[in-house]
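>>> return a 3D structure for these sequence lines:
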Amino acid sequence: MYLAKVFIQLKPTVNDPQGQTIQGGLRQLGFESVESVRAGKYMEIRLDEPAETVASEKVREMCEKLLANPIIEDYQFELELLPTD
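As a prediction, the model looks like this:
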């Protein structure tokens, strides 16, 4: 059993209105040192796969087919082997 921790971010060249709104809110709260904010998505997915290479390929497929929009988003993920009960 593997736990995939998936991080999805807008590409650096894509405007991030959500990040800009968060930055504005933080500055209004007195956090003047905040230079910029980029918002993203984080997901945890458990996979029952026999090997890390298989789990990795499945997560990559999930990201490319559904979880991330490859035109405007980049993704990365980490796999963690979960202990068996």
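>>> state the number of residues packed around residue 68.
19 (other Cβ atoms under 10 Å). Where C-beta positions appear, they are placed from N, C-alpha and C, glycine not excepted.
>>> give me the residue ranges of this protein where confidence is low.
85 (pLDDT under 70).
>>> what segments of it are helices?
17-28, 52-62 (DSSP state H).
>>> helices or strands next to the first one in the packing?
Applying 3 or more Cβ pairs under 8 Å, 6 or more residues apart in numbering; DSSP states H and E, we find helix 17-28 packed against no helix or strand.
>>> ok, back up a step: mind putting the helices of the chain in JSON lines, mean neighbour count and distance to residue 38 included?
Output for the helices of the chain, formatted as JSON lines (neighbours: other Cβ atoms under 10 Å; distance: least, Cβ to Cβ, whole Å):
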{"stretch": "helix 17-28", "mean neighbour count": "13", "distance to residue 38": "5"}
{"stretch": "helix 52-62", "mean neighbour count": "15", "distance to residue 38": "22"}
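>>> for residue 43, which of those helices is the nearest?
helix 52-62 (9.2 Å; Cβ to Cβ).
>>> Throw the helices of the chain into a markdown table and include distance to residue 9, thanks.
As requested, those are exported to a markdown table (distance: least, Cβ to Cβ, whole Å):
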| stretch | distance to residue 9 |
| --- | --- |
| helix 17-28 | 10 |
| helix 52-62 | 16 |
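>>> for residue 6, which of these is the nearest?
helix 52-62 (6.7 Å).
>>> any idea how far residue 51 lies from residue 3?
Residue 51 sits 15 Å away from residue 3, going by Cβ to Cβ, to the nearest Å.
>>> who has more neighbours, those two?
residue 3 (14 against 9).
>>> partner residues bridging the more buried one?
residue 46, residue 80 (DSSP bridges).
>>> same thing with the one 5 residues further on?
Counting by DSSP bridges, residue 8 forms beta bridges with residue 41, residue 75.
>>> what's the burial count for it?
Count around residue 8 with other Cβ under 10 Å applied: 17.
>>> wouldn't it be in contact with residue 66 here?
No: counting by Cβ atoms under 8 Å, residue 8 stays clear of residue 66, with 11.0 Å between them.
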